[in-house]
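Participant: Provided below for reference: sequence and predicted model.
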Amino acid sequence: MDFDFSPIADNWRFLGYGLLVTVQLSLATIAAATVLGIGLALGRLYGRSWLRIPLTFYVDSMRAIPVLVVLVWTFFAFPLLTGVSLPPFWAALAALTLHIAAYVSEILRAGLSSIRPGQVRAARALGMSGPQIVRKILFPQAVVRMLPAYGSLLSVTIKDTAIASVIAVPELMRQSDTISAQSFRPIEVFTTAMLVYFLILFPVTRLVDAFYRRVAHLGRS
């Protein structure tokens, strides 16, 4: 079998744009899902009892529904219900954020719950308020403890952006599929796409692990 990588060389700008969209979608999703996930975790742990039930239902629902289903529903069904149509990029961002935030909340909730109750009692004895205890005692330790799981979730988030190709978001996988269909060189094109994803994800996982090893002692109690 002859290999011809000329379609890659001829369309590198086209693929580069797809890579840029992938990076933008990944960063936006990670940022939005982290903020939403923190709110969900704090609401479930320290919110009113009437608030915990719907938040728990939301988290469990998102973890039970495939991300592809959430994405397709957001792009095709949401406009029919509300009359508001979202561009493909923003529909993908909304769907991925809603899905990933549920996992962020569980990771953070586990980190906060793992801290010994004695620290909370000691902080209360010193006269600290509830928000102060969370902000100064619990949250810093929980963030360190959640780093390994959060690093894995970062990788999953970047990989999940490839699903956005089904609603025509011009990310790396969508652009690769277009070039493959035009050049009839799927092996070369998709091998290149696979290598690009690897070159993005491998450093991310290694950097998170290296950072965790440096700060792991801060999460011990």
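Facilitator: Yes, it's here.

Participant: biggest helix in this structure by residues?
Facilitator: Under DSSP state H, the helix in the chain containing the largest number of residues is helix 12-46.

Participant: Buried ones in it, by neighbour count?
Facilitator: 15, 18-19, 21-22, 25-26, 28-30, 32-34, 36-45 (16 or more other C-beta atoms under 10 Å). Placement of C-beta: from N, CA and C, glycine included.

Participant: next one: stretch 97-112
Facilitator: In stretch 97-112, counting by 16+ other C-beta under 10 Å, buried: 97-109, 111-112.

Participant: Next up, the contacts around the residue positioned nearest the centre of the chain.
Facilitator: Centre of the chain computed as the mean C-alpha position; nearest residue by C-alpha atoms, centre = their mean is residue 157, 3.7 Å away. Neighbouring residues of residue 157 by C-beta atoms under 8 Å, 6 or more residues apart in numbering: 26, 29-30, 33, 96, 100.

Participant: just residue 93 next, same as before
Facilitator: 25, 28-29, 32.

Participant: Kindly report the same for residue 65.
Facilitator: By C-beta under 8 Å, 6+ apart, the neighbours of residue 65 are residue 99.

Participant: give me phi/psi at it?
Facilitator: phi -100, psi 130 (degrees, to the nearest 10).

Participant: what's the answer for residue 163, then?
Facilitator: Residue torsions, per degrees, to the nearest 10, at residue 163 are phi -70, psi -20.

Participant: Without its sequence neighbours, what residue ends up closest to it?
Facilitator: Distances taken as C-beta to C-beta, 6 or more residues apart in numbering put residue 68 closest to residue 163, at 5.5 Å, once the chain neighbours are dropped.

Participant: And the one you found, which helix or strand is it part of?
Facilitator: helix 67-72 (DSSP states H and E).

Participant: what does residue 204 give?
Facilitator: Per DSSP H and E: helix 186-215 holds residue 204.

Participant: now the angle between helix 12-46 and the one helix or strand residue 91 maps to, please.
Facilitator: Using DSSP H and E, residue 91 sits within helix 88-113. Comparing the axes of helix 88-113 and helix 12-46 via axes from the mean of the first three to the mean of the last three C-alpha atoms, to 10 degrees yields an angle of 40 degrees.

Participant: The helix holding residue 204 - contacts with which helices or strands?
Facilitator: helix 6-10, helix 12-46, helix 147-160, helix 172-183 (3 or more C-beta pairs under 8 Å, 6 or more residues apart in numbering; DSSP states H and E).

Participant: Lowest average confidence across those helices, which one?
Facilitator: Ranked by mean pLDDT, these end with helix 6-10 at the bottom, a mean of 89.

Participant: Going by contacts, tell me the helices and strands next to it.
Facilitator: For helix 6-10, the packing partners by 3+ C-beta pairs under 8 Å, 6+ apart are helix 172-183, helix 186-215.
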